[in-house]
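*Asks:* Dropping a prediction and its sequence here:
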Amino acid sequence: MLDLFAEDDPWQEPLAAGALILRRRARDITGQLMQQIERIAARNPFHHRITPGGHRMSVAMTNCGALGWSADSRGYQYSAQDEFSGQGWPAMPQTFHRLAEECAREAGFAGFNPDACLINRYEPGAKLTLHQDKDERDLRQPIVSVSLGLPAVFLFGGFERGDATQRVLLEHGDVVVWGGPSRLRYHGILPLKAGIHPLTGAFRFNLTFRRAR
Ligand code: MD3
Ligand code: FE
């Protein structure tokens with residue numbers, strides 16, 4: 001019998017070895033995810049961090065989980081303390097952890113147990129220049145990202161800053177798993193285009209789940 005989709009899930013788009021887009025994978029829980037983000041930000045507000053080079057980041061950030069990512073004059077690091085509130089980070093909600101674990105498993109990374117969730121908030125014009133994520137202890141662990149709200153153009157590069165990049169539109173509910181040989185690829189986000197999204201208003205949010213330690 002003709003079965004066009006016996007092997008290929010049309011919602012799964014391989015980007016490169018180790019990088020898999022799960023289109024709209026979080027669609028049914030985006031409302032829950034946004035409620036949790038609001039609850040987390042009420043206790044640990046979004047801030048624009050200053051990079052070690054002295055630049056104010058256009059992306060505002062907060063975290064949940066045992067550890068949070070931060071940037072300051074000393075460098076980039078994971079910390080159990082929110083330097084702005086002087087408190088720890090809110091626990092990672094079970095819905096967050098379960099989504100990340102399930103998506104990692106679907107991409108071939110069984111047993112993913114993130115201890116950090118960085119929450120990025122983009123306003124119009126906010127961007128992330130090309131960078132590598134290498135502040136985590138075990139780079140064999142993948143990163144799972146979840147996009148919410150306004151769409152953004154993601155840049156996916158190679159292993160050197162000057163390598164060619166491909167452009168990928170990331171939309172509301174999209175999940176991407178980045179592991180294996182893709183874990184150290186350069187990547188970034190082009191300046192966000194203004195708009196209004198029914199759930200997130202004038203913003204884009206991105207969750208990145210990491211095993212930091
Ligand atoms: C590719 N965030 O927080 S998520 C970041 O949309 C970050 O906010 C972007 O890059 C955002 O560090 C992109 C996609 C992503 C996350 C981690 C990666 C892509 C990655 C690690 C390795 C390769
Ligand atoms: Fe990154």
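*Replies:* Happy to help now that I have it. All values reported here derive from a predicted model rather than from experimental measurement. Ligands and ions are numbered 1, 2, ... in the order given.

*Asks:* Can you mark which positions in stretch 138-145 are buried?
*Replies:* 139, 141-145 (16 or more other CB atoms under 10 Å). Backbone N, C-alpha and C define where each C-beta goes, glycine included.

*Asks:* Which of these fall in strands?
*Replies:* Among those, the residues falling in strands (DSSP state E) are 143-145.

*Asks:* of the buried residues of stretch 138-145, list those near ligand 1.
*Replies:* 143, 145 (CB under 6 Å from any ligand atom).

*Asks:* one step back: from the ones in strands among the buried residues of stretch 138-145, pick the one nearest T200.
*Replies:* Within those, the smallest distance to T200 is 15.6 Å, found for S145 (CB to CB).

*Asks:* ok, the closest residue to W178 other than its chain neighbours to D163 distance?
*Replies:* In space, not counting the residues next to it along the chain, W178 is nearest to I143; the distance is 4.8 Å by CB to CB, 6 or more residues apart in numbering. I143 is 19 Å from D163, where distance means CB to CB, to the nearest Å.

*Asks:* in what helix or strand does L33 lie?
*Replies:* helix 30-43 (DSSP states H and E).

*Asks:* Using CSV, write down the CA coordinates of the lowest-mean-pLDDT helix or strand in the chain.
*Replies:* None of the helices or strands of the chain scores lower by mean pLDDT, DSSP states H and E than strand 68-72, at a mean of 91. Only the C-alpha atoms of strand 68-72 are listed here, as CSV (Å, rounded to 0.1, in the frame of the first residue of the first chain):
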residue,chain,number,x,y,z
GLY,A,68,20.5,30.5,35.4
TRP,A,69,22.7,31.9,32.7
SER,A,70,24.1,35.4,33.2
ALA,A,71,26.5,37.8,31.7
ASP,A,72,28.3,40.6,33.5
